[in-house]
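> here you go, sequence then predicted model.
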Amino acid sequence: MKKSPLIKTELPGPKAKKLIKLDKSYVSPSYTRIYPLVVEKAEGLWVHDVDGNIFLDFTAGIAVNATGHCHPQVVKAVQAQSEKLLHMSGTDFYYKPQIILAEKLNSLAPGKGKKRVYFGNSGAEAVEAAFKLARWHTKRELNLAFFGAFHGRTMGALSLTASKTVQKKHYNPFVPGITHIPYAYCYRCAYNLCYPQCDLFCVRWVEDTLFRTTVPPEEVAAIFVEPIQGEGGYIVPPLEFHTEMYKIAKKYGILYVADEVQSGMGRTGKMFAMQHFGVEADILAMAKGIASGLPLGAMIAPADIMNWEAGSHASTFGGNPLSCQAAMATIDLLEKKLMENATVQGERLKAGLQHLQKIYVCMGDVRGKGLMVGVELVKDRESKKPAADWRAQIIRKTFEKGLLLLGCGENSIRFCPALTVTSAEIDECLTIFEEAVKEVVG
Ligand SMILES: Cc1ncc(COP(=O)(O)O)c(C=O)c1O
């Protein structure tokens with residue numbers, strides 16, 4: 001039977017209204033809730049709010065619930081572990097789930113040699129660990145990162161971030177020595193050039209200009225890069241972008257750090273998005289989808305790079321037994337069939353959106369890989385003027401119709417459902433999205 005969203009109260013409903021009022025009194029106002037959804041329970045892609053309304057979730061809790069909400073195999077693994085051991089701190093003691101997961105991640109990370117894994121609790125912690133390791137290993141102080149990048153909100157990760165000024169306002173000074181450079185955002189090229197005639201000017205500029213004028217390459221520890229930019233707008237660079245940038249990094253002994261926090265763990269149809277580009281990054285940071293909703297971050301590097309000494313970095317809760325078991329169950333599901341499903345359903349989603357793009361001129365760009373798909377909204381195709389207002393109205397409208405979506409970049413919408421998504425759920429999402437676009441933009 002076809003499953004559809006069910007909205008039976010005004011939104012927010014009465015119970016949601018009361019809780020939101022309490023939230024406004026007691027919870028940090030720094031969070032960016034864009035619609036008033038108060039969740040009670042969820043299963044697969046279906047989220048129930050406290051008033052009994054049912055929503056189709058194409059956010060996966062910001063690309064986290066890779067296996068869908070409360071996948072029975074993940075729940076079972078967590079329940080079984082919770083009866084045995086909740087915490088012992090991998091920083092000072094050993095326990096099997098952490099060791100087994102480290103071995104598994106070793107086998108998944110591209111590259112033949114032996115690698116080691118550092119465990120934290122979040123994406124920012126994974127990036128922070130990579131940032132520290134790059135300095136520790138190279139003994140160099142400078143780093144490169146990209147405009148549009150989002151690497152997290154702790155001070156080191158935030159220093160690498162260059163997505164929105166609201167994320168950085170009043171937090172200066174940041175960690176020194178970071179230079180931000182343009183990403184290959186070809187829809188809005190920073191140099192006003194066109195791919196492929198540009199001959200990847202944005203990459204050549206790093207060596208030809210930056211390294212000759214202001215940034216001595218032999219002082220650069222690492223280049224931090226998202227294989228596909230997430231929060232910045234779901235931006236997919238051309239195929240050779242990473243290979244060419246990586247070549248420059250290797251020429252000067254610079255580490256290439258792939259932030260796979262959003263793009264990793266099968267979301268793009270491969271375990272890591274960098275595998276689409278044929279580059280084996282030196283350091284990988286991952287989190288979000290790794291444990292289907294339990295807090296876990298991991299940073300992987302070759303053993304000869306992760307050779308820091310005992311006491312140089314650690315975290316009390318990092319890699320706790322519950323999260324590790326959730327990750328093992330998640331990876332098992334990804335490998336068995338969910339990564340393949342991400343490819344198949346991602347193509348269906350992208351094709352559906354590309355079809356709508358032919359009808360609605362406000363859909364300036366449709367891009368993505370697997371189930372990491374973005375739509376950039378513009379006032380018109382010629383000026384490409386960002387339509388941030390329409391983006392907000394469309395997301396609000398889809399919410400009212402029972403479809404959960406999130407924005408990214410200044411004027412894009414991200415579609416990042418659980419990797420368990422079915423064809424029927426993709427089609428339902430496309431139908432509701434089209435209705436919303438038609439009602440907002442016409
Ligand atoms: C690419 C990337 N890196 C790092 C982070 C930070 O992750 P967290 O919010 O778990 O700290 C995010 C979060 O959106 C992300 O998308």
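Great, that's in hand.

> so H87 is in contact with F317, correct?
Yes - the pair H87 / F317 is scored as a contact, 7.2 Å apart, by CB atoms under 8 Å. C-betas here are computed from N, CA, C, even on glycine.

> between those two, which has more neighbouring residues?
More crowded of H87 and F317, by other CB atoms under 10 Å: F317, with 16 against 12.

> quick check: the more buried one vs G90, distance?
Remark: distance between F317 and G90 (CB to CB, to the nearest Å) = 9 Å.

> next one: D51
Between D51 and G90 the distance is 41 Å, computed by CB to CB.

> so between these two, which is more surrounded?
For D51 and G90, the more surrounded residue by other CB under 10 Å is G90, and the numbers stand at 23 against 18.

> so what's the more buried one up against?
Shown in contact with G90 (CB atoms under 8 Å, 6 or more residues apart in numbering): 98, 119, 318-320.

> now, which of those lie within helices?
Q98 (DSSP state H).

> for the contacts of G90, give me JSON lines that also has pLDDT, distance to M299 and neighbour count.
JSON lines is the format used below for the contacts of G90 (pLDDT from 0 to 100; distance: CB to CB, whole Å; neighbours: other CB atoms under 10 Å):
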{"residue": "Q98", "pLDDT": "98", "distance to M299": "14", "neighbour count": "22"}
{"residue": "F119", "pLDDT": "98", "distance to M299": "8", "neighbour count": "26"}
{"residue": "G318", "pLDDT": "97", "distance to M299": "10", "neighbour count": "25"}
{"residue": "G319", "pLDDT": "97", "distance to M299": "11", "neighbour count": "26"}
{"residue": "N320", "pLDDT": "97", "distance to M299": "16", "neighbour count": "27"}
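
> for the contacts of G90, give me CSV that also has distance to the ligand.
Formatted as CSV, those follow (distance: CB to the nearest ligand atom, whole Å):
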residue, distance to the ligand
Q98, 19
F119, 13
G318, 13
G319, 15
N320, 15
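
> can you count the residues close to whatever residue of the chain ends up closest to the ligand?
Nearest residue of the chain to the ligand (CB to the nearest ligand atom) works out as G123 at 2.2 Å. Other residues lying near G123 total 29 when counted by other CB under 10 Å.

> and what about the residue lying closest to A436 once chain neighbours are set aside, helix, strand or coil?
Once flanking residues are discounted, A436 sits nearest to K397: 3.9 Å by CB to CB, 6 or more residues apart in numbering. What DSSP: H, G, I helix; E, B strand; the rest coil gives for K397 is helix.

> give me the pLDDT value at K397.
Turning to K397, the model gives it a pLDDT of 98.

> surely it and V441 touch.
No - contact criterion CB under 8 Å: K397 and V441 do not qualify, at 10.3 Å.

> those two: which is more packed in?
K397 (20 against 16).

> how about the residue of the chain closest to the ligand, what does it touch?
Applying CB under 8 Å, 6+ apart, the residues contacting G123 are 151-152, 157, 259, 261-262, 285-288, 297.

> same question for R204.
R204 neighbours (CB under 8 Å, 6+ apart): none.

> ramachandran angles for it?
phi -60, psi -30 (degrees, to the nearest 10).

> just Y360 next, same as before
The phi/psi pair for Y360 (degrees, to the nearest 10) reads phi -110, psi 110.

> quick one, what contacts it?
Neighbours of Y360 in contact, by CB under 8 Å, 6+ apart: 434, 437-438, 441.

> mind picking the two most distant members of these?
Using CB to CB, the pair of the contacts of Y360 lying farthest apart is E434 and V441, separated by 10.9 Å.

> for the stretch 101-250 of the chain, which residues are neighbours of the ligand?
Counting by CB under 6 Å from any ligand atom, the residues of the stretch 101-250 of the chain close to the ligand are 122-124, 127, 150-152, 226, 230-231.

> what's the neighbour count on the closest residue to I395 other than its chain neighbours?
Leaving aside its sequence neighbours, I395 sits nearest to L405 (CB to CB, 6+ apart; 5.2 Å). A count of nearby residues for L405, using other CB under 10 Å, gives 27.

> R414 is in contact with L405, correct?
Yes - contact between L405 and R414 holds when scored by CB under 8 Å: they sit 7.3 Å apart.

> which neighbours do the two have in common?
Listed as contacting both L405 and R414 by CB under 8 Å, 6+ apart are T59.

> quickly find the element holding F224.
Assigned by DSSP states H and E, F224 falls within strand 220-225.

> direction included, what does that strand pair against?
Applying DSSP bridges to the sheet, strand 220-225 is found paired with strand 142-146 (parallel), strand 255-259 (parallel).

> turn those into TSV, columns for mean neighbour count, distance to D208 and mean pLDDT.
Output for the strands paired with strand 220-225, formatted as TSV (neighbours: other CB atoms under 10 Å; distance: least, CB to CB, whole Å; pLDDT from 0 to 100):
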stretch	mean neighbour count	distance to D208	mean pLDDT
strand 142-146	25	15	98
strand 255-259	28	19	98
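
> can you say which of the ones you listed is nearest to G370?
In terms of CB to CB, the element of these nearest to G370 is strand 255-259, at 16.1 Å.

> any residues touching that closest one, and which ones?
In contact with strand 255-259 (CB under 8 Å, 6+ apart) are residues 123, 127, 130, 134, 137-138, 149, 151, 221-227, 245-246, 249-250, 272-274, 279, 281-285, 305.

> how does it look with 6 Å?
127, 130, 134, 151, 222-224, 226-227, 246, 249, 274, 281-285 (CB atoms under 6 Å, 6 or more residues apart in numbering).

> for this protein, which segments count as helices?
With DSSP H as the criterion, the chain has helices spanning 14-26, 60-63, 72-82, 96-108, 123-138, 155-160, 201-205, 211-213, 239-251, 321-333, 339-359, 388-400, 423-441.

> just to revisit the earlier point, gap between the residue nearest to I395 and L255?
Distance, L405 to L255, using CB to CB: 35 Å.
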